[in-house]
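Q: Coordinates only, no sequence provided:
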């Protein structure tokens, strides 16, 4: 096949288009990361300055209270709140979702399809539409401005997707494997953990990654349900850089990088599970 054949040209066009599209998608994130290492005057410059004249880490030092000009924003506390809320809600959503997915995949019960459809429809509701009802309910229960209130909300948001994804993976595992293990002396619980759980691990890992990223990046509900430093998460903490007449764009970009970097690191280390989970999930019948 010649180098200039239509097949090669189509392949080159496909890769070039994909690369260009990914560049456009990543451009806002790249711009935020570049803006985090330059002063506000360069961020607001017209025409735009694409690369900082004097890059420095001063913005990061300033928001962490290490520079000469300090910013009174408790980034450490916001980071800890985000970590606790995201990890806790992810673990709880995985446990509930895995149990629900296994039940939908293995058992037959009344209104099974209706329950499953109801869960999917609930997940389709945008979170911002639930902000007012949740605010009223949480006010009655005393959960406004508490980490527990956010954890419960994120668990409710993540459980339907987790059930849907794990249900598909448990359906890919033949029940005969578990039955054979039980015939060899395993209890149903042992057969699940030793046979079915390892085979469904890619899907469970993918569900966990999505649940964590949803909780870590969520802003709309958290901004309505938190008020004080003790419960604010990092996305809500970004609003602390805004004042009545000014916005600290440099500090906001530096804090945005602090939000972005952990998700990039997590995605990098678990990309194998994520890709295999989504690929196998797309093949489920």
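A: Arrived safely. Source: prediction; values computed, not measured. Numbering: from 1, shown residues only.
Q: ok, now how distant is the residue nearest to the spatial centre of the chain from residue 122?
A: Geometric centre of the chain, nearest residue: residue 213, 1.1 Å, by C-alpha atoms, centre = their mean. Distance of residue 213 to residue 122, given as C-beta to C-beta, to the nearest Å: 19 Å. Where you see a C-beta, it was placed from the backbone N, CA and C, and this is true even at glycine.
Q: circling back to that earlier point, I'd guessed the residue nearest to the centre of the chain sits against residue 264; true?
A: No: here residue 213 does not reach residue 264: they are 10.7 Å apart, not a contact under C-beta atoms under 8 Å.
Q: Provide a list of residues in contact with residue 218.
A: Applying C-beta atoms under 8 Å, 6 or more residues apart in numbering to residue 218 gives the contacts 127, 154, 157, 233, 235.
Q: Which residues are in contact with the last one?
A: Listed by C-beta under 8 Å, 6+ apart, the contact partners of residue 235 are 82, 217, 218, 219, 222, 223, 259.
Q: ChimeraX command to pick out the buried ones of these?
A: The ChimeraX command for the buried members of these (criterion: 16 or more other C-beta atoms under 10 Å) is given here:
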select :82,217,218,222,223,259
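Q: Rebuild the contacts of residue 235 as TSV, extending it with secondary structure.
A: TSV is the format used below for the contacts of residue 235 (DSSP: H, G, I helix; E, B strand; the rest coil):
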residue	secondary structure
82	helix
217	helix
218	coil
219	coil
222	helix
223	helix
259	helix
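Q: With distance to residue 134 and pLDDT added, can I get the contacts of residue 235 in a markdown table?
A: Shown next, in a markdown table, are the contacts of residue 235 (distance: C-beta to C-beta, whole Å; pLDDT from 0 to 100):
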| residue | distance to residue 134 | pLDDT |
| --- | --- | --- |
| 82 | 19 | 94 |
| 217 | 18 | 91 |
| 218 | 12 | 91 |
| 219 | 14 | 90 |
| 222 | 11 | 91 |
| 223 | 12 | 90 |
| 259 | 23 | 90 |
